[in-house]
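**Q** Would you be able to build a 3D model of this:
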Amino acid sequence: MSTPPKTLTHNPNQSWTVVSHRRNRKRPKSKSNPNPDQFETLTLKSPIPWTPLDSQPNPILQSKLLSKLQSSLSKLKSSQFYNQFLSQLQCPQIQSGLNKLLSFNPQFDLIIYGIGSIDSYETPRLQLSLALLILDRLKPQISSIEVFDPIISTAEQAVIEQLGVAVMGVDERGRREVKVPTLFFMPHCEVQLYDNLLDANWGCENLNKMVILGNSFGEYERYVEEKKGASGSVKVEEAGKRVIGSRRFVREVRLEGGEDCDDDNGFFRAFHDISWHFFDVGQDVHLDFV
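**A** Residues are numbered from 1 along each chain as shown. Below you'll find the predicted structure:
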């Protein structure tokens, strides 16, 4: 059963809004559900050099991991979810946002934050697979692709790099300053990581050069409003000041198909509550609220 169509509405004096019919279903726990205990680890601003905690290469483990990743990639590529993704990629709302990136430069960077352990779980493998398929689909427009998660192992790094993706040698804590147009793929990261990215680029020139494919900012705002005053809500509101504050100039388009996937194939867990976020910050917009 397909989800009823979503409508994109706009009030000239307010932010863009995505209106969609949501189904009542029990959601699995994932990083997209606010976890206040994780915020403190991301509050430091200075990047630090990074290498995997394990230093010994393991060719047998690498071979097994590459096989598992290729299996996830094949499963995703042949899925109805990916067909819906490709269809949505061609829609005017997405094309206009990506074309805006290309208006600044003929190519843009693809940055992947918080991918998790692709050896331990299929959810990260499916998420990385989607990034690889995005790279394949938009290859002429993508100048470089990098990934980072502090839990990446030596074997995972070797496999990721074997697939043509660079693993960062520094933990930026999400604070990548946008110097060139950039698409950030951040599936189910902590709200603090999104806020760090916005903080590092809090100005119209940088924000307009970036697109975020990650947790719905609207869902964070809804969580804060629905749980107003509760401990978790207060921490999310504090850790996500810019996430919530940016809603007035973000055009959010929910990723098609993520809510419709069966739990059995892992797609729902990997892609639910993910949205495209396109920034449209005019010179007259005041960004000094924090």
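**Q** Read off the pLDDT value for Phe289.
**A** According to the prediction, Phe289 has pLDDT 51.
**Q** can you map out the strands along the protein?
**A** 7-10, 16-19, 48-49, 108-113, 142-148, 166-167, 170-171, 182-186, 210-215, 250-254, 274-279 (DSSP state E).
**Q** In the longest one, which residues are buried?
**A** For strand 142-148, the neighbour count (16 or more other Cβ atoms under 10 Å) marks Ile142, Ile145, Glu146, Val147, Phe148 as buried. Just so you know, the C-beta spots here come from the backbone N, C-alpha and C atoms, and that holds for glycine as well.
**Q** how much space between the last one and Leu98?
**A** The one in question is Phe148. 23 Å (Cβ to Cβ, to the nearest Å).
**Q** now swap in the fourth one and tell me
**A** To Leu98, Val147 is 20 Å away according to Cβ to Cβ.
**Q** Just give me the neighbour total for Gln88.
**A** Using other Cβ atoms under 10 Å, Gln88 has 16 neighbouring residues.
**Q** do the one 10 residues further on as well
**A** Burial of Leu98, expressed as a neighbour count using other Cβ under 10 Å, amounts to 18.
**Q** OK, contacts around the closest residue to it other than its chain neighbours?
**A** Leaving aside its sequence neighbours, Leu98 sits nearest to Val211 (Cβ to Cβ, 6 or more residues apart in numbering; 7.0 Å). Val211 is in contact with Gly97, Leu98, Leu101, Thr182, Leu183, Phe184, Trp276, His277, Phe278, Phe279, counting by Cβ atoms under 8 Å, 6 or more residues apart in numbering.
**Q** related to what we said a few turns ago, indicate which one of the strands of the chain is closest to Ile244.
**A** Checking those against Ile244 by Cβ to Cβ gives strand 250-254 as the closest, at 10.3 Å.
**Q** Tell me where the protein has helices.
**A** Secondary structure of the chain (DSSP state H): helices at 59-77, 80-89, 92-104, 122-137, 154-162, 191-200, 204-207, 217-226, 231-239, 241-245, 267-271.
**Q** So for Trp50, which of those helices sits nearest?
**A** helix 154-162 (10.4 Å).
**Q** What helices and strands are in contact with the closest one?
**A** If you count contacts as 3 or more Cβ pairs under 8 Å, 6 or more residues apart in numbering; DSSP states H and E, helix 154-162 packs onto helix 59-77, strand 166-167.
**Q** now these in a markdown table, with mean pLDDT?
**A** What follows is the helices and strands packed on helix 154-162, written out as a markdown table (pLDDT from 0 to 100):
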| stretch | mean pLDDT |
| --- | --- |
| helix 59-77 | 96 |
| strand 166-167 | 98 |
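**Q** Any chance of those in JSON lines with mean neighbour count and distance to Ile112 as columns?
**A** Compiled in JSON lines, these are given as follows (neighbours: other Cβ atoms under 10 Å; distance: least, Cβ to Cβ, whole Å):
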{"stretch": "helix 59-77", "mean neighbour count": "16", "distance to Ile112": "14"}
{"stretch": "strand 166-167", "mean neighbour count": "16", "distance to Ile112": "10"}
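**Q** Please convert those to TSV, extending it with distance to Cys189.
**A** Listed next are those as TSV, based on distance: least, Cβ to Cβ, whole Å:
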stretch	distance to Cys189
helix 59-77	20
strand 166-167	17
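**Q** Nearest to Gly257, out of these?
**A** Closest among these, using Cβ to Cβ: helix 59-77, at 11.3 Å.
**Q** just how off-centre is that closest one within its chain?
**A** Relative to the centre of its chain, helix 59-77 is centred 22 Å away, using Cα atoms, centre = their mean, to the nearest Å.
**Q** Just the angle for that helix relative to helix 154-162, thanks.
**A** 50 degrees (axes from the mean of the first three to the mean of the last three Cα atoms, to 10 degrees).
**Q** Not counting helix 59-77 itself, show me its contacts.
**A** 82, 118-119, 122, 125-126, 128-130, 132-133, 155-156, 158-159, 162-163, 265, 267.
**Q** switch the cut-off to 6 Å
**A** Tyr82, Asp119, Arg125, Leu126, Ser129, Ala155, Ala158, Val159 (Cβ atoms under 6 Å, 6 or more residues apart in numbering).
**Q** Many thanks, I have nothing further to ask.
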